[in-house]
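A.B. asks: Here is my input; please provide its structure:
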Amino acid sequence: MIAIRHAVERGRTDWGWLDSRHSFSFGEYFDPRNMGFRSLRVINDDRVAPGGGFGTHGHRDMEILSYVLEGALEHKDSTGGGGVIRPGEIQFMRAGTGVRHSEYNASQTQPVHFLQIWIVPDTEGLAPRYDQQAFDAEAARAGFVTLASRDGQGSTIRVSQDVALCVARLGAGDERAHALAPGRHAWVHVARGAVTLNGHALAEGDGAALSDEPGVHVVGRTDAELLLFDLG
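C.D. replies: Modelled structure (predicted):
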């Protein structure tokens, strides 16, 4: 079974310096029919104006990942974690027992476009943690590359949940396949471009939930980039 969430159906927050599209219920956008999928709670598609950003604020008991598509994002948090993340990197913050942080566009002249992802952990009260890693962009053009996983496979970011987050970059006509073990589920988010997913046409910003499917089969209709969540 495949349920498609088209980009135009998402919620929106527009604060001038921020243009954010919400795949799931978030903040002032309340949508009881779309509260997440499995342990995946938030995918916010954020565009932040030059010099803009999220001032210091708090979170707890959430696994938070940031994936930059364009520009650069500067992170600082109360654990001492911090850095500037750019395309080709993944950033992680475990809120755990509580953490305060800020996220700002690192440029005064160029916008930043990034995906903010929240995963509900399987254990509450963990110690906060920060991580940032580059991934193999060339490998992502040849297949799915794992960015984060429960067991930290291949030195990926380790998250406290039964989920694997993967990325793939495709050209028009390129094909990618990812098998789903029995009882597994998947969410696919098209970060840019257009693809065909298991026979369904998806465009930038579209998402799809897959259950009781043997796998994910993607064909690029244009140059495209997508995130795949393999979920318990």
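A.B. asks: Check the offset of stretch 152-165 from the chain's centre.
C.D. replies: How far stretch 152-165 lies from its chain's middle: 13 Å, per CA atoms, centre = their mean, to the nearest Å.
A.B. asks: which other residues reach it?
C.D. replies: The contact list for stretch 152-165 (CB atoms under 8 Å, 6 or more residues apart in numbering) reads 38-40, 63, 65, 90, 92, 94, 117, 119-123, 126, 131, 133, 146-151, 227-232. No exception for glycine: its C-beta is placed from N, CA and C like everyone else's.
A.B. asks: For that stretch, buried residues please.
C.D. replies: Buried residues in stretch 152-165, counted by 16 or more other CB atoms under 10 Å: 156-165.
A.B. asks: do stretch 126-139 as well
C.D. replies: Result for stretch 126-139 [16+ other CB under 10 Å]: buried residues 126, 128-132, 135.
A.B. asks: so for it, what's the average pLDDT?
C.D. replies: Average pLDDT, stretch 126-139: 94.
A.B. asks: what do you get for stretch 152-168?
C.D. replies: Here the average pLDDT along stretch 152-168 is 92.
A.B. asks: list the helices and strands the helix or strand containing residue 117 packs on?
C.D. replies: Using DSSP states H and E, residue 117 sits in strand 112-119. Helices and strands touching strand 112-119, by 3 or more CB pairs under 8 Å, 6 or more residues apart in numbering; DSSP states H and E, are strand 40-48, strand 63-70.
A.B. asks: ok, then the element right after that strand?
C.D. replies: strand 129-134.
A.B. asks: The next helix or strand after that following strand - contacts with which helices or strands?
C.D. replies: Sequence-wise, the next helix or strand downstream of strand 129-134 (DSSP H and E) is helix 137-140. The contact analysis (3+ CB pairs under 8 Å, 6+ apart) places helix 137-140 against strand 163-170.
A.B. asks: Name the strands paired with the strand it packs on and say parallel or antiparallel.
C.D. replies: Its sheet considered, strand 163-170 pairs with strand 145-149 (antiparallel), strand 224-231 (antiparallel) by DSSP bridges.
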